[in-house]
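Colleague: here is my input, please return the structure:
(2 chains)
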Amino acid sequence: MPGRRKPPPLRPGDTIALVTTSSPLPEPATVQRVIGAVEARGYRVALSPNFNARHGYLAGSDRQRADDLMWALGSDEFAAVLSLRGGYGCARLYELIDWDSLRAARPRVVCGFSDLTALHLMIERELGWVTFHGPNGWELADIGSFSERELWRALRPVPLGDVPGDPDHGGCVWRVSGGVAEGELAGGCQFLLAQAIGTPFAPALAGRVVLLEETRAEPYMVEADLCHLLSAGMLEGVAGIVYAAHELRVPDYYTGMFQHSKSWQDVVEEWLGGLGVPVIANLPLGHGRNLATLPLGCRARIDGDRGLLTVLEPGVQSVEEAAA
Amino acid sequence: MRLLIRPPGLRRGDTIAVISPSRPHWSTSGVEFLVEELESRGYQVALSPNFNARHGYVAGTPEQRGADLQWALGHPDAAMVWCLGGGHGAGQVHPHVDWAALRGARPRIVQGFSDITAIHLMVQRELGWVTYYGPNAIRFGDPAEGLTEATDAWCFRVLAEALQPVGAYPPAAGHRRVWRVAGSGAVEAPVVGGCLWLVNRALRTPWELDADGCILLLEDVSVEPYMVDGMLTQLRLAGALQGVRGIVFGEAHEVEPQAWNPDAHRQTLFLDDVLRGRLGDLGIPVLHGFPVGHGSDLLTVPLGCRARLDADARTFEVLEPGVAA
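Modeller: Below is the predicted model:
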């Protein structure tokens, strides 16, 4: 794995490339509002050549999406890359990207979450860049004040410090297991992490503070993902786990066999509570209304006794490093 | 993939051990009917020690279910281990079974499907036995499970017939014709596999499927096409399809965009697109539409037995008897 490299901080007037790695926007017109939002914050926008392509649930063919991603990650004119939305399909691009040709490119801010977990894993494995677990492009069209503040805060050349609790839950954090540990941040959407098992971009998680976030899944599905990560040895030696859950419940329409259920909290306690590492849950790091941005690859401290996740180093270069 | 050993066939008077490695039973009458049904056919039934345990949506803790699997696989009298139902959680039992202690046990029939795929993979890898991908036991007890005559007759023929080869599988009733997804020509190789979801969930675990040199049998239920896409993509990227000689997709039951999903995945690709798109470039024959899966008929397949897949004739047959004499 290459050494860790950080992108320069964003400066007003920088250009942000918008691509579609995964599923298309449900409403194509949303892109206009995303462009407006980015420009209103003082940045320029470059839309990828195939951004409007569609192929079923994919935003164009694999070739089109891979070409767009190569364009965004390789061209010197872009200071940041955002995928317009997640959904499904990023992992399909891995074999079509010419990673060798991208190794000469300078790091840039790559931000996203959900299906973009696969992109984070690929970039870490192939390019070693620090990337940002935060909003996808389309979120910017209607971003709330919390997510907005935390996004730009994470892109400043100073350590992020404590990740705030979710204001919609009174800031409360669930302390699943106590203890204090430090390690580099890793992880993302649990479903996508489980789908990376066995692939060339399966992450190395030992010694790291691992984010697992999952949305709109039934507790047994949460358990299936978690058990796969555990039984494949992916969580061996982790420093700590931050769990973020969104709508993990038995849905009303389902009257079948899983009604005598466990809750997702039961699942997290049963499978993560006994690992002997700090585990905290309910920080706003998933699919909820509030999403805090994290620099993946940067050192962080997890405090299971106080319910704190603290990012100890900046995700971008200092102004001096960037100028050098 | 190493050669798997066929256990002896089931005979009247034999003992069938019934276990619940996945979901708990929720039909006491269904279990009683199952016992009566098997006894009326001349078998003895032994329910596992923790048969009635519950732990949320699974039938007891992983330790309890592991102990039951151990009990059944090593039971001195059991000629067959029949898993009650699928659901979720069978993969959790692996660390709670003393596999080394079972290597001296005589091979016996192990049957089930869906989530039980995990048990198949464990028994094949740890003990080297042919296992039987067929109806779970509760289908013979709970009327709601919809046992068909074809399922019933095929199951007991495969489990008892030691002289005649299992033979050709007809097209699934829901398909009428078998679809040639890709490829041409015929291959002969052992058939292995199970439920796609569970084959994926086994990647890089101690019970990971080794399908190198084999015909890969897959089926799935109640997932959206994009999720099948994701699972097949993972298998490709993980190298799990390398060396596979051919693929038989049994039935994909209710694999369609879900009406309740408010997401934009409704602007979708369909299963056929996904199968051809993800499997069509492998250069191997791929067929879809046999009654193996979550459809109305489920015709037992002895996993590990030699099979023939003919893409041109659109046929799939098992060339050996399912059990040893």
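Colleague: helices along the stretch 51-200 of chain A, start to end?
Modeller: Along the stretch 51-200 of chain A, counting by DSSP state H, counting those that start in this stretch, helices occupy A:62-74, A:99-102, A:117-126, A:145-154, A:190-195.
Colleague: actually the stretch 201-325 of chain B, sorry about that
Modeller: Under the criterion DSSP H, counting those that start in this stretch, the stretch 201-325 of chain B contains helices at B:225-237, B:271-279.
Colleague: circling back to that earlier point, could the helices of the stretch 51-200 of chain A go into JSON lines alongside mean neighbour count and distance to A:S48?
Modeller: Every C-beta, even on glycine, is put in place using the N, C-alpha and C of the backbone. As requested, those are exported to JSON lines (neighbours: other Cβ atoms under 10 Å in any protein chain shown; distance: least, Cβ to Cβ, whole Å):
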{"stretch": "helix A:62-74", "mean neighbour count": "20", "distance to A:S48": "4"}
{"stretch": "helix A:99-102", "mean neighbour count": "12", "distance to A:S48": "15"}
{"stretch": "helix A:117-126", "mean neighbour count": "25", "distance to A:S48": "14"}
{"stretch": "helix A:145-154", "mean neighbour count": "17", "distance to A:S48": "21"}
{"stretch": "helix A:190-195", "mean neighbour count": "26", "distance to A:S48": "22"}
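Colleague: so, low pLDDT: which residues of chain A?
Modeller: Residues of chain A meeting the criterion pLDDT under 70: A:1-2, A:250-260.
Colleague: give me the angle between the longest strand along it and helix A:117-126.
Modeller: Across chain A, the longest stretch assigned as strand under DSSP state E is strand A:180-189. Strand A:180-189 runs at 120 degrees relative to helix A:117-126, counting by axes from the mean of the first three to the mean of the last three Cα atoms, to 10 degrees.
Colleague: would strand A:180-189 count as contacting chain B?
Modeller: No. Using Cβ under 8 Å from any Cβ of the partner chain, strand A:180-189 never reaches chain B; the gap is at least 11.9 Å.
Colleague: pull up the pairing partners for that strand, direction included.
Modeller: According to DSSP bridges, strand A:180-189 forms sheet pairs with strand A:209-215 (parallel), strand A:299-303 (antiparallel).
Colleague: which of those strands sits closest to B:I109?
Modeller: B:I109 sits nearest to strand A:209-215 of all those, at 37.7 Å, using Cβ to Cβ.
Colleague: ok, then the element right after that closest one?
Modeller: The element immediately downstream of strand A:209-215 (helix or strand, assigned by DSSP states H and E) is helix A:219-231.
Colleague: need the contact partners of the helix or strand following that following helix.
Modeller: Using DSSP H and E, the helix or strand that follows helix A:219-231 in sequence is strand A:240-246. With contacts defined as Cβ atoms under 8 Å, 6 or more residues apart in numbering or on different chains, strand A:240-246 is touched by A:176, A:179, A:181, A:183, A:187, A:209-216, A:222, A:235, A:264, A:268, A:272, A:275, A:277-288, A:302, A:304, A:309.
Colleague: paired strands for strand A:240-246, with orientation please.
Modeller: Checking strand A:240-246 against DSSP bridges gives partners strand A:209-215 (parallel), strand A:279-281 (parallel).
Colleague: so which residues on the stretch 51-200 of chain B come close to chain A?
Modeller: Close to chain A, as judged by Cβ under 8 Å from any Cβ, the stretch 51-200 of chain B has residues B:54-57, B:87-89, B:91-92, B:94, B:200.
Colleague: picking up where we left off before, which stretch among the helices of the stretch 51-200 of chain A comes nearest B:S40?
Modeller: Here helix A:190-195 is closest among the helices of the stretch 51-200 of chain A (Cβ to Cβ), at 43.9 Å.
Colleague: for chain B, what's its nearest residue on the stretch 201-324 of chain A.
Modeller: Closest contact between the stretch 201-324 of chain A and chain B, by Cβ to the nearest Cβ, is at A:K262 (3.5 Å).
Colleague: wait, that residue touches A:L226, no?
Modeller: No. With contact defined as Cβ atoms under 8 Å, A:K262 does not count as touching A:L226 (11.7 Å).
Colleague: out of the two, which sits in the busier spot?
Modeller: A:L226 (24 against 21; other Cβ atoms under 10 Å in any protein chain shown).
Colleague: so B:L287 touches B:H175, yeah?
Modeller: No. Between B:L287 and B:H175 there is no contact under Cβ under 8 Å: 10.4 Å.
Colleague: compare these two (neighbour count), which wins?
Modeller: B:L287 (26 against 17).
Colleague: I'd say A:L296 and A:G187 touch.
Modeller: Yes. Applying Cβ under 8 Å, one finds A:L296 in contact with A:G187, separated by 7.5 Å.
Colleague: hey, what's in contact with both of the two?
Modeller: Common neighbours of A:L296 and A:G187 (Cβ under 8 Å, 6+ apart) are A:H133.
Colleague: adding distance to chain B, write the helices of the stretch 51-200 of chain A out as a markdown table.
Modeller: Below are these laid out as a markdown table (distance: least, Cβ to the nearest Cβ, whole Å):
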| stretch | distance to chain B |
| --- | --- |
| helix A:62-74 | 9 |
| helix A:99-102 | 14 |
| helix A:117-126 | 10 |
| helix A:145-154 | 20 |
| helix A:190-195 | 5 |
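Colleague: next, format the ones you listed as a markdown table and append distance to A:L84.
Modeller: Listed next are the helices of the stretch 51-200 of chain A as a markdown table, based on distance: least, Cβ to Cβ, whole Å:
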| stretch | distance to A:L84 |
| --- | --- |
| helix A:62-74 | 11 |
| helix A:99-102 | 20 |
| helix A:117-126 | 13 |
| helix A:145-154 | 16 |
| helix A:190-195 | 17 |
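Colleague: how about these, which one is nearest A:V38?
Modeller: helix A:145-154 (11.6 Å).
Colleague: packing partners of the closest one?
Modeller: With contacts defined as 3 or more Cβ pairs under 8 Å, 6 or more residues apart in numbering or on different chains; DSSP states H and E, helix A:145-154 has no helix or strand neighbours.
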